[in-house]
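Colleague: sequence? don't have it. structure:
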């Protein structure tokens, strides 16, 4: 086998990558270094240079996640070098074991960090759908395709604004009964007799229709509209590439483009879209990846002060 082909195979599975000399005065910090599936990680760097900086998470499964770096605002310097940051999440499908965080500039790798992904078990459940919900989920429509494309364009966008620096607060009282959990492995049983599988991306709170839904943190409303699958929906941008999502509401109380504070009323819960009963679906996305809301409530997704302290800033 030719050497070039061997190198391509190794790079494709994440086993090997070309390392280049680090730029002078380069520094980097990672929080945390031991992660669970569904958990976000933040990286700060100073002195890297380059306009195509990217953070990647790789393992023997290949590239698990990626994110772009952004400049802190207001700007921060460490030893005269500007500080940049990136956030990504370990997918809930990641296998336990060793993995690597790579700081990349284009095709070159300028720094690698060895991290550990812990073992995590997720619940399994089967959900029977009536005719209406079967049609919503299984029958294609141009509107669903259009709405899905618009949503993904938002969730995959990395902006520049930092609105929230604290841990997130649940959008309804934290002790509310849950009817679905992050990472649930679901089997949908259609009324036609067919089945389909999915991974639940957030938390379902079993609240009655009309329950007040509040913003989990400061941010800017990126989407507020009725969607065929998720009903009345709100998406809020909190940090570059970090979004919270609220589905199946009966009423909306905010408009796109509105800057909201933690606790702002977004609307009322309901059972619109694909729902088997009244509830609120709450979801967090980081660089497009499903992220465990409980972890985001336990600690800040982006701990600016801790990262700067590790950088020496």
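Modeller: Done, it's in. Predicted, not measured: the structure shown is a model, and the values here were computed from it.

Colleague: drop to CA atoms for contacts and neighbour counts, all remaining ones
Modeller: Fine.

Colleague: would you map the strands across the stretch 151-300 of the chain?
Modeller: For the stretch 151-300 of the chain, applying DSSP state E, counting those that start in this stretch gives strands covering 178-180, 185-189, 195-199, 203-205, 212-214, 219-227, 231-239, 242-252, 259-260, 265-269, 280-286, 289-291.

Colleague: can I get those in CSV with mean pLDDT?
Modeller: As requested, the strands of the stretch 151-300 of the chain are exported to CSV (pLDDT from 0 to 100):
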stretch, mean pLDDT
strand 178-180, 97
strand 185-189, 98
strand 195-199, 97
strand 203-205, 98
strand 212-214, 98
strand 219-227, 98
strand 231-239, 98
strand 242-252, 98
strand 259-260, 98
strand 265-269, 98
strand 280-286, 98
strand 289-291, 98
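
Colleague: quick one: the helices in the chain, in order.
Modeller: Under the criterion DSSP state H, the chain contains helices at 3-13, 131-138, 142-155, 293-298, 304-311.

Colleague: which of the ones you listed sits most buried?
Modeller: Of all the helices of the chain, helix 293-298 has the most neighbours on average by mean count of other C-alpha atoms under 10 Å, namely a mean of 18.

Colleague: packing partners of that helix?
Modeller: On a contact count with 3 or more C-alpha pairs under 8 Å, 6 or more residues apart in numbering; DSSP states H and E, helix 293-298 meets strand 280-286.

Colleague: how much does the strand it packs on deviate in direction from strand 265-269?
Modeller: Calculated by axes from the mean of the first three to the mean of the last three C-alpha atoms, to 10 degrees, strand 280-286 forms an angle of 130 degrees with strand 265-269.

Colleague: hang on, the earlier thing: any chance of the strands of the stretch 151-300 of the chain in a markdown table, plus mean neighbour count and distance to residue 62?
Modeller: Formatted as a markdown table, the strands of the stretch 151-300 of the chain follow (neighbours: other C-alpha atoms under 10 Å; distance: least, C-alpha to C-alpha, whole Å):
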| stretch | mean neighbour count | distance to residue 62 |
| --- | --- | --- |
| strand 178-180 | 16 | 29 |
| strand 185-189 | 17 | 22 |
| strand 195-199 | 13 | 20 |
| strand 203-205 | 23 | 28 |
| strand 212-214 | 21 | 38 |
| strand 219-227 | 21 | 31 |
| strand 231-239 | 25 | 27 |
| strand 242-252 | 25 | 23 |
| strand 259-260 | 20 | 38 |
| strand 265-269 | 23 | 39 |
| strand 280-286 | 26 | 19 |
| strand 289-291 | 26 | 16 |
